[in-house]
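K.L.:
got a predicted structure plus its sequence, pasted below:
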Amino acid sequence: LAAELEALDEEDRRESIAERQRKLDKPPAPPLEGFDLDALGPLLEKSLGELRAAGLDWGTAEVDHVCWRCATPKEYEYAGCRALRARAAMLGEALVGGRPVSVFELREPLAVAGYKVRLLEIPAPKPGRDYATGWEHAEIALGEGLDAFAAGLREDARGLEVDWRAWTKAVNRDVSVAAPGSSFRVKFHAKPLDAVLRDERADGSYDQVPENYWDPLKDAADANAAACLAALESALREHSKPYLPTESPLAAAMMSGRKPELDDDADAPPSARYDEAARRLLEPAAPFPKDEWEQLMADAAATPEFDDMLNRARVD
């Protein structure tokens, strides 16, 4: 018996090793799922090619990050979740220009346009500004060569669109360049974003996003949800008028919108009794998912009061 058990243990061990090997042999998951990676390569390659064709030269400088723009705060939230789900490491979320900007280090660099891009930048939209969701720019870290590169651009823009608005930034200023008509831009700065975050934490200038930053937006969303729910309840009451007998307490409650009183008297007529499902249906405590709404509707429809109400409506 001991020999048989030992043989079984050895067989289980071999199966375990084989299973682990099968897992190792599986192709790796994409480094960044949920983002339009198929579009990034052509965009970056075309943009860099246009700049080189115009005579710009940045040598072997690193393309340290690419930027994914978000049109709404909710898209910003979802994009960050997708990056984390792809096992990217969040290096920081700081206030930059008055809105949050997240920086992620990718699980493995993106191989695009001959470069290995290590970092992903996701800015939240600035209030009052319109953005298109998608890849917006890439940034190249020139180090100490940035000033000379910028001076050359000031002397001769080579027919390119040059944006100097960020050149006056106190931290990691940059100049943005694109071919005429291009929506994807290439920015040149001194330090990669991970180095900038390290420096800001070291000198105390890192501006952490406050915990209550999103509260006003959440309050507005809650108010909008409450308004939608009130409109729905009003529409339900109006739609139910032709089908409810006028003397029914249920009809009176629905027409007035007030909370019905529960009657525990078993001898009371069906139209005067309510169950918990009917009460919750008439006055839900808060917006709830579609599945729960459908379940509440089904529960209410299964009550004797509902059947009695329908029968009386048919008679009327």
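P.N.:
That came through fine. Numbering: from 1, shown residues only.
K.L.:
just for the protein, where's the confidence low?
P.N.:
1-33, 221, 237, 239-297, 306-316 (pLDDT under 70).
K.L.:
what's the biggest strand in it, counting residues?
P.N.:
strand 99-112 (DSSP state E).
K.L.:
what helices and strands are in contact with that strand?
P.N.:
helix 37-53, strand 62-69, helix 73-85, strand 89-96, strand 115-123, helix 193-203 (3 or more CB pairs under 8 Å, 6 or more residues apart in numbering; DSSP states H and E). Using the backbone N, CA and C atoms, a C-beta is placed for each residue, glycine as well.
K.L.:
let's go with 6 Å and repeat that
P.N.:
Applying 3 or more CB pairs under 6 Å, 6 or more residues apart in numbering; DSSP states H and E, one finds that strand 99-112 contacts helix 37-53, strand 89-96, strand 115-123.
K.L.:
and it, which strands flank it?
P.N.:
strand 89-96 (antiparallel), strand 115-123 (antiparallel) (DSSP bridges).
K.L.:
neighbours of residue 122, just the number please.
P.N.:
23 (other CB atoms under 10 Å).
K.L.:
contacts only, for it.
P.N.:
68, 79, 102 (CB atoms under 6 Å, 6 or more residues apart in numbering).
K.L.:
sec struct for residue 182, please.
P.N.:
Here residue 182 is recorded as coil under DSSP: H, G, I helix; E, B strand; the rest coil.
K.L.:
so how far is residue 41 from it?
P.N.:
Distance, residue 182 to residue 41, using CB to CB, to the nearest Å: 16 Å.
K.L.:
check contacts around residue 83.
P.N.:
So residue 83 contacts residue 104 (CB under 6 Å, 6+ apart).
K.L.:
gap between it and residue 179?
P.N.:
For residue 83 relative to residue 179 (CB to CB), the value is 29 Å.
K.L.:
what does residue 164 give?
P.N.:
Counting by CB to CB, the separation of residue 164 from residue 179 is 17 Å.
K.L.:
and residue 35, by the same measure?
P.N.:
Residue 35 is 24 Å from residue 179, by CB to CB.
K.L.:
do a quick rundown of the strands in the stretch 101-250 of the chain.
P.N.:
Assigned by DSSP state E, counting those that start in this stretch, the strands in the stretch 101-250 of the chain fall at 115-123, 134-141, 161-163, 174-178, 185-189.
K.L.:
relative to residue 173, which of the helices and strands packed on strand 99-112 is closest?
P.N.:
The closest of these to residue 173 is strand 89-96. By CB to CB, the value is 12.8 Å.
K.L.:
now the closest one - C-alpha only, CSV.
P.N.:
Listed next in CSV are the C-alpha coordinates belonging to strand 89-96 (Å, rounded to 0.1, in the frame of the first residue of the first chain):
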residue,chain,number,x,y,z
ALA,A,89,2.2,49.8,-12.4
MET,A,90,0.8,53.2,-11.5
LEU,A,91,3.8,55.5,-10.8
GLY,A,92,1.6,58.4,-9.7
GLU,A,93,-1.6,60.4,-10.1
ALA,A,94,-0.9,64.1,-9.7
LEU,A,95,-2.6,67.4,-10.3
VAL,A,96,-1.1,68.9,-13.5
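K.L.:
show me what it is in contact with.
P.N.:
Counting by CB under 6 Å, 6+ apart, 100, 102-105, 194, 197, 206-207, 209 sit against strand 89-96.
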